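Novice: Any chance you could fold what I've pasted below:
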Amino acid sequence: MLVGLGKNRLVPKVYSSLRYSVYVQSRFQHVKSETNPFLYLNNFNSLNKKIQQVYDTTNDHIGDSIVINALKSCNELGEEFPIQQKLDINSIFIKESKQVIDTLIKDDRVKFTSDLLKQIFVLNLPTILNLQLINLYYEKNPSKSTIIDKSIALIALRNALNNAEFQRAITISDITVGHPNYIEHNHQILKKGVIKLASTAIGITLISKYGVNLLIEFGELTSGWRHLGSINSMILTYFLNSSFFVTTVRIGRQLISSGGDYLTWQKGAFYTHWFRHADEMLFCSKIVEADRELNGGENNPEIIKELCRTNENTLGMDHTLKPGYTRDGKKIRLLEAKDNLEDLKLQAYWMSGGDGFEWVEPDQDPATLIWKDHLAQYNQPSIKSNTVKTLKWADELIDQK
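Specialist: Now for the predicted structure:
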């Protein structure tokens, strides 16, 4: 791995998203086990009966603890199934779990708040179930002002990345920080900021211009101060213009830096689009980062094609400056992939004949090793989940040979 130029070595970026995913499972366990009515259940039938029993004995509001305890029990039942079933939308575990979630959440006595959604996300349910919960959240809160905070959505995103479910991670980004309600929320923040700036400028200008004239008429100031209002307006206009452009450049750099070393905006995208979709770029960059980490530094073409889609027109030009959807219903995000830094260093290495470079072994991040060990379980679940008795047929076959 090429990591240095001269005496200056490039330190690999710590993959914080993976490290967070490794340890998040043990956090936010607020509910005490002795108050959990869903303990010691052996199957989904008994869980559904217990849920019905608890709901029938509750007349008014159903507390968050009941929902959390039931979902914890559902998650524990998943340990009895092969781990691959958590990724299969048609598996028995996913179908049974979806039914449990519908029974719990769709009841009118359950108030599905953002705090409850956060508590559910930290249970580390399968991503398929998290997507169902997000859709139910919007269904239970149909207001146009309903949004899912970035900090809450990041929990579900990191869970998906920890299981290498990149396509579903993109879906999580689209229905949280890429949701129309969230984009409109950011637009209103930008709009209010511009209105406040304009109102302040107009107010100061009017006070400077007409306030001085009134003071002159009342004899408080001499007529020599009459031009003060015009001078103040000129100075104020200069400072406002300078402040506006400096702020625009700084915010623009911060927003474009959310894509890290992986993504940037397509050329021509305006600053307002950067501001409204900055969190969406942040989520997408984390997806690309995890994808590269898993593929040895290379991009998955399918992921890049999905995130950096352009709208091909009749003239064969595939560049677009209008976010939206293609004719096939595919989302256009106005994102563009950056050049791979490792590829650029490799090109510089060959062009310079290797002068100033040295080859060293890549650093082994413990979080990355734990992540890859976790993903390896999905490739060989049947052997680990079986007992000696279930493999007795293999021994008999060997004896016959």
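
Novice: average pLDDT for the longest helix anywhere in the chain?
Specialist: Here the longest helix in the chain is taken by residue count, with DSSP state H as the criterion, and it is helix 180-217. Across helix 180-217, the average pLDDT comes to 78.

Novice: packing partners for it?
Specialist: The criterion is 3 or more C-beta pairs under 8 Å, 6 or more residues apart in numbering; DSSP states H and E, and the helices and strands that helix 180-217 contacts are helix 228-256, helix 271-276, helix 278-294. (C-beta placed from N, C-alpha, C; glycine too.)

Novice: so what does the shortest one touch, helix or strand wise?
Specialist: Which is helix 271-276. Helices and strands touching helix 271-276, as assessed by 3+ C-beta pairs under 8 Å, 6+ apart, comprise helix 180-217, helix 228-256.

Novice: can you do 10 Å?
Specialist: Contacts defined by 3 or more C-beta pairs under 10 Å, 6 or more residues apart in numbering; DSSP states H and E place helix 271-276 against helix 180-217, helix 228-256, strand 263-265.

Novice: quick one on the thing from earlier: going by mean pLDDT, which of the helices and strands packed on helix 180-217 comes out lowest?
Specialist: Between the helices and strands packed on helix 180-217, the model is least confident about helix 228-256 (mean pLDDT), which shows a mean of 61.

Novice: At which residues are the helices of the stretch 51-200 of the chain located?
Specialist: Listed in chain order, the helices found in the stretch 51-200 of the chain under DSSP state H, counting those that start in this stretch are 64-77, 92-105, 114-121, 127-140, 150-162, 166-175, 180-217.

Novice: Rebuild the ones you listed as JSON lines, extending it with distance to P37 and mean neighbour count.
Specialist: Putting those into JSON lines (distance: least, C-beta to C-beta, whole Å; neighbours: other C-beta atoms under 10 Å) gives the following:
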{"stretch": "helix 64-77", "distance to P37": "7", "mean neighbour count": "20"}
{"stretch": "helix 92-105", "distance to P37": "13", "mean neighbour count": "18"}
{"stretch": "helix 114-121", "distance to P37": "17", "mean neighbour count": "19"}
{"stretch": "helix 127-140", "distance to P37": "21", "mean neighbour count": "19"}
{"stretch": "helix 150-162", "distance to P37": "26", "mean neighbour count": "23"}
{"stretch": "helix 166-175", "distance to P37": "31", "mean neighbour count": "20"}
{"stretch": "helix 180-217", "distance to P37": "35", "mean neighbour count": "13"}
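
Novice: Pipe the ones you listed into TSV and attach distance to P366 per row.
Specialist: Supplementary listing: the helices of the stretch 51-200 of the chain in TSV, determined by distance: least, C-beta to C-beta, whole Å:
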stretch	distance to P366
helix 64-77	26
helix 92-105	30
helix 114-121	25
helix 127-140	24
helix 150-162	15
helix 166-175	22
helix 180-217	34
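
Novice: Noted, bye for now.
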